[in-house]
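Got a predicted model here, sequence first, then my questions.
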Amino acid sequence: MAKVEASKRYTLEEAVRLALACRQAKFAESVDVHVLLGVDPKKADQAVRGTVVLPHGTGKKTRVLVFCTGADAEAAAAAGADYVGLDDLVKKVQDGWTDFDIAIATPATMREVGKLGKVLGPRGLMPTPKAGTVTTDVATAVKEFKAGKVEFRVDKQAGIHCAVGKTHFTCEQLLENIQAFISALLKAKPATAKGTYLMKVSLSTTMGPGIRIDTRDLEREAAA
C-alpha cells in the first residue's frame, strides 16, 4: 500500500492519486475533502455556506424531499423527487423522520416548514434561499441536486467537510469535482474574513488516512 507522509503537503493531483492507491475496502469508499477556514463562525457575516454542482456527482443516490402542493408537487414528482407533499411530510418530520439528504420548499410553504427548525436545523437540512432550497422553481432544484449539486456549510469549529466522489471514480473525475468545490468555497469567502482563508485542507477516503494538500496549489488550480 502507498505510504502517506504526515509532514508532507501534496499537490492536489498527488493527493488524489495517493488516496486511490491507499484504498483497501472491497466496497466503494467515499472520498471527502476536509477544510479548516480562517473565519469566525460565531459571527453571522462569516458563516460560510453555499452550493456547488460537482461535474461528476458524489457517486451516491441523493434522496430529495420537497415541501409543496398543487402544480408544484406535480412538477417536483416529475423531476424525480423522492418525497413530495406538505402536511403529511411536516407531521412525519415532526415525529423524528429524516430519511432524506436534501429538503426543498416553496416560499408559500415556509410558514409550515418553519415549525421543523428544531428537527431539521441541527441536521443541516433546513431549507434556505441561500442554499437554493427555498425556491419557486422546484423542478430545476430537484434536477440539480439529483445531478450532483451539494450544499456546504461551516461548522462551529470553522470546518467544512464535503463528499466529492467515490473510490471507483477516475483520478480526473475526482480532480474536477474537487476543483469545482474549492472554487465555490473561495467565491464564498466573506468580505470580513481577514488573513489566510484556507488554513488547512486534507483529503481522505472512508477507510484511508488523511492526506494534507498544499493550499497554494489548490488556489492555483481553482484560479486556472
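All right, it came through fine. Numbering: from 1, shown residues only.

distance of the residue lying closest to residue 198 once chain neighbours are set aside from residue 87?
Using C-beta to C-beta, 6 or more residues apart in numbering and skipping the chain neighbours, the partner closest in space to residue 198 is residue 215 (4.3 Å). Any C-beta I mention is one placed from the backbone N, CA and C, and that applies to glycine too. Per C-beta to C-beta, to the nearest Å, residue 215 is found 48 Å from residue 87.

Next: residue 22.
For residue 22, the distance to residue 87 - C-beta to C-beta - is 48 Å.

Neighbour count for those two, which is higher?
More neighbours surround residue 22 than the other of residue 22 and residue 87, with 19 against 11 (other C-beta atoms under 10 Å).

Please name the nearest non-neighbouring residue to that one.
residue 208 (4.4 Å).

So for the one you found, what's the pLDDT?
What the model reports as pLDDT for residue 208 is 88.

Then it would be within a helix, right?
No. Per DSSP: H, G, I helix; E, B strand; the rest coil, residue 208 lies outside any helix segment and is coil.

element containing residue 212, please.
strand 211-213 (DSSP states H and E).

Phi first, then psi, for residue 200.
The phi/psi pair for residue 200 (degrees, to the nearest 10) reads phi -150, psi 130.

who's in contact with it?
Residues near residue 200 by C-beta atoms under 8 Å, 6 or more residues apart in numbering: 35, 36, 212, 215.

give me that answer again for 10 Å
Going by C-beta atoms under 10 Å, 6 or more residues apart in numbering, residue 200 touches 9, 34, 35, 36, 37, 38, 158, 159, 212, 213, 215.

Correct me if wrong, but the fourth one is in a strand.
Yes. Per three-state DSSP, residue 36 lies within a strand segment.

So it sits against residue 185, correct?
No. Checked against C-beta atoms under 10 Å, the pair residue 36 and residue 185 is beyond contact range at 11.7 Å.

who's more crowded, these two?
With neighbours defined as other C-beta under 10 Å, residue 36 and residue 185 compare such that residue 185 has more, 24 against 16.

Let me know the helix or strand that that one is in.
For residue 185, the host element (DSSP H and E) is helix 171-187.

Skip ahead from the host helix or strand of residue 65 and say which helix or strand is next.
When elements are assigned from DSSP H and E, residue 65 belongs to strand 64-67. Once the chain leaves strand 64-67, the next helix or strand it forms, by DSSP H and E, is helix 70-79.

Could you tell me the model confidence score at residue 54?
As predicted, residue 54 sits at a pLDDT of 94.

what's near enough to touch it?
Residues counted as contacts of residue 54 (C-beta under 10 Å, 6+ apart) are 147-150, 162-165, 173-174, 176-181, 184.

When you filter those down to buried only, what's left?
Among these, those buried by neighbour count (16 or more other C-beta atoms under 10 Å) are 148-150, 162-165, 173-174, 176-181, 184.

Of the residues you listed, which is the nearest to residue 190?
Checking those against residue 190 with C-beta to C-beta, the nearest one is residue 184 at 13.9 Å.
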